[in-house]
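**Student:** got a sequence here, can you model it:
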Amino acid sequence: MENMAFNQRTVVMIGPGEHYVTAKNEVIKTLLGSCVAVCLYDAKAQVIGMNHFLLAVDRRKLTHFLDSRAGYYGVHAMEILINAMLKRGAQRRYLQSKIFGGANVLSLCADNILNHYDIGGMNIDFVRQFLQRERIPIISEDIGGHCGRVIYFDPTDYSVYRSLIEHEYEEIASLQDEEYRYFNQASEDIHSSGVPVVIWSD
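**Tutor:** I've put the predicted structure just below:
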């Protein structure tokens, strides 16, 4: 997590596996490829939050994410964000969401296993299922495709500003590397936590 200044306001930059919740006039920023960011807000409590996660995928269960071991990491990331929002004064019944990311970026990775799966699409399917189950409405979304995204979540009116990363080859390559490392780390974290996940076995 990194803080910076932007138009005399604090911008909090979160990376893969992180989240941030605030009731202050702070902008939350992240850079997305195959990962998904969920922007949550409670307009009554004036609390916003964002996470940034990538599913650890079990090859044997590519659907029914919420009930599968594959969905464990995503569910965990969402519960952490929701609980952090509630601790800051938000109420579950007033939560609304905006979702971003899920580009098919990791499929371009040199690892030929990932070439066979639309990891971004799985993240999108997961987050839609989760939010529907939790009855948190999706107000807007910008998902899928093949381009990375930079997003800024503004607490003044709950807008999310997005720019695409289309032509900057080095930045896309760096994003792929970062998400691939995060993907492997998430898989290792789940395995070491005792959750019985088999990541790449047949």
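
**Student:** show me where this structure has its helices.
**Tutor:** Assigned by DSSP state H, the chain shows helices spanning 72-87, 119-133, 169-192.

**Student:** run a quick neighbour tally on Lys44.
**Tutor:** Around Lys44 there are 11 other residues, counting by other C-beta atoms under 10 Å. Placement of C-beta: from N, CA and C, glycine included.

**Student:** that one touches Leu95, doesn't it?
**Tutor:** No - using C-beta atoms under 8 Å, Lys44 makes no contact with Leu95, being 10.2 Å away.

**Student:** now do stretch 146-160, average pLDDT.
**Tutor:** The average pLDDT within stretch 146-160 is 92.

**Student:** list the buried residues in that stretch.
**Tutor:** 147-155, 158, 160 (16 or more other C-beta atoms under 10 Å).

**Student:** please flag which of these sit within strands.
**Tutor:** Members of these lying in strands (criterion: DSSP state E): 148-153, 160.

**Student:** rebuild those residues as CSV, extending it with distance to Met13.
**Tutor:** Output for those, formatted as CSV (distance: C-beta to C-beta, whole Å):
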residue, distance to Met13
Gly148, 15
Arg149, 14
Val150, 10
Ile151, 11
Tyr152, 10
Phe153, 11
Val160, 15
